[in-house]
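Visitor: With the input below, show me the fold.
(one chain, ligands or ions: 2)
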Amino acid sequence: MATHLRLENVSKSFGVGGAAETRAIDDVTLDVEEGEFLAVVGPSGCGKSTLLQIAAALIAPSGGVVRLDGTAISAPPPSMVYLFQQYAKSLFPWRTVVDNVAFAVEHRKGMTSAAARAHSRSFLEMVGLADSAERYPWQLSGGMQQRVAIARALAAEPRVLLMDEPFSSVDALTRMELHALVQELREKQRFTAVLVTHDVDEAVFLADRVVVLSARPARVVRSIATELPRPRDNIDTREDPRFLALRHELLAMLLKRPHG
Ligand SMILES: Nc1ncnc2c1ncn2[C@@H]1O[C@H](COP(=O)(O)OP(=O)(O)O)[C@@H](O)[C@H]1O
Ligand SMILES: [Mg+2]
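Guide: Numbering: from 1, shown residues only. Ligands and ions are numbered 1, 2, ... in the order given. This next block holds a predicted model:
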């Protein structure tokens, strides 16, 4: 398969030249294949969000380049959608749920308002929120708001979906439901995905490959193909000996315990 998204010798420092210069990323090269689901894990504060924002061209690297289909990018490409960690803040409180989704669709896909609303409703149905379409985001639970954000991201039908710890603020059961949902939508849409997370189980469950970053400044320490059969099941897969072995290996690395 062809490389879809490439980070090439990317580095990033904040506050360069000042007393508080912070080196966040140190020479990271990553190739994400067309249709691949890549998870990036690493300790808190190591530079994961910075790396993802660079991948989306939301911030510029200090060194190196980001390529989409081989072409260097310097602004967020229309084929890319970024799912922020603080999803609640990314929803418009004065728009209904369906209008929050439709707004993104109109802008990205150039549909008429009526077509965008119909398209949005079908995605709200997929995430189980058809009945909440006319409510406002603040009338929904955290898990429901996150499903709105996911519906909005996927209704835009991105070729690349970048996600920064999108499930970290929902309860454990909702999180598993959202994992199943993302997997299902990915089977349908075949987008390329990069998921940044500190949750090893989530990384192994969703990804084709897990990249481990070092403590700051982030460097790539390991890249491990998960090779678990799909579709993955929230109960069976999480008990699969191969799942547990990968989880063990990754946790040992992140917790810096000797392997075994
Ligand atoms: N805009 C910024 N200005 C200065 N320092 C920043 C900025 N953004 C991030 N950092 C620093 O870069 C490092 C990596 O941050 P971040 O990418 O958010 O880590 P992670 O997402 O892995 O927790 C941290 O030390 C953070 O304080
Ligand atoms: Mg972060």
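Visitor: make it CA atoms for all contacts and neighbour counts henceforth
Guide: OK.
Visitor: In the stretch 51-200 of the chain, what residue lies closest to ligand 1?
Guide: Residue nearest to ligand 1 within the stretch 51-200 of the chain: residue 51 (6.4 Å; CA to the nearest ligand atom).
Visitor: Excluding chain neighbours, give the residue nearest to that residue in space.
Guide: Closest residue in space to residue 51, ignoring its immediate chain neighbours: residue 25 at 7.2 Å, by CA to CA, 6 or more residues apart in numbering.
Visitor: Would you verify that the one you found is located in a strand?
Guide: Yes - counting by DSSP: H, G, I helix; E, B strand; the rest coil, one finds residue 25 located in a strand.
Visitor: For burial, what's the neighbour tally of it?
Guide: Using other CA atoms under 10 Å, residue 25 has 28 other residues around it.
Visitor: ok, now the one 3 residues further on?
Guide: Summarising burial for residue 28: neighbours were counted as other CA under 10 Å, giving 20.
Visitor: so where does it fall, helix or strand?
Guide: strand 22-33 (DSSP states H and E).
Visitor: and that strand, anywhere near ligand 1?
Guide: Yes - interface with ligand 1: strand 22-33 contributes residue 24 (CA under 6 Å from any ligand atom).
Visitor: ok, the helix or strand following that strand: who's next to it in the sheet?
Guide: Moving toward the C-terminus from strand 22-33, the next helix or strand (DSSP H and E) is strand 37-41. Here strand 37-41 has these sheet partners by DSSP bridges: strand 192-197 (parallel), strand 209-213 (parallel).
Visitor: before we move on, the earlier item: am I right that the residue of the stretch 51-200 of the chain closest to ligand 1 sits in a helix?
Guide: Yes - assessed with three-state DSSP, residue 51 lies in a helix.
Visitor: That one contacts residue 26, correct?
Guide: No - counting by CA atoms under 8 Å, residue 51 stays clear of residue 26, with 10.2 Å between them.
Visitor: chain center to the helix or strand of the chain with the lowest mean pLDDT: distance?
Guide: Ranked by mean pLDDT, DSSP states H and E, the weakest helix or strand in the chain is helix 87-90, scoring a mean of 75. Offset of helix 87-90 from its chain centre (CA atoms, centre = their mean, to the nearest Å): 15 Å.
Visitor: what helices or strands is that helix leaning on?
Guide: Counting contacts by 3 or more CA pairs under 8 Å, 6 or more residues apart in numbering; DSSP states H and E, helix 87-90 packs against helix 142-155.
Visitor: Please say whether there is contact between the helix or strand following the helix it packs on and ligand 1.
Guide: Next helix or strand after helix 142-155 toward the C-terminus (DSSP H and E): strand 160-164. No - using CA under 6 Å from any ligand atom, we find that strand 160-164 stays clear of ligand 1, coming within 8.0 Å at best.
Visitor: Give me the sheet partners of strand 160-164 and which way each runs.
Guide: strand 80-83 (parallel), strand 192-197 (parallel).
Visitor: and those, which is most packed in?
Guide: Sort the strands paired with strand 160-164 by mean neighbour count, taking mean count of other CA atoms under 10 Å, and strand 192-197 sits at the top with a mean of 24.
Visitor: Between strand 22-33 and that one, find me the angle.
Guide: Counting by axes from the mean of the first three to the mean of the last three CA atoms, to 10 degrees, strand 192-197 lies at 140 degrees to strand 22-33.
Visitor: can you tell me the average pLDDT over the helix or strand immediately after strand 192-197 in the chain?
Guide: Moving toward the C-terminus from strand 192-197, the next helix or strand (DSSP H and E) is helix 200-206. The average of the pLDDT scores along helix 200-206 is 97.
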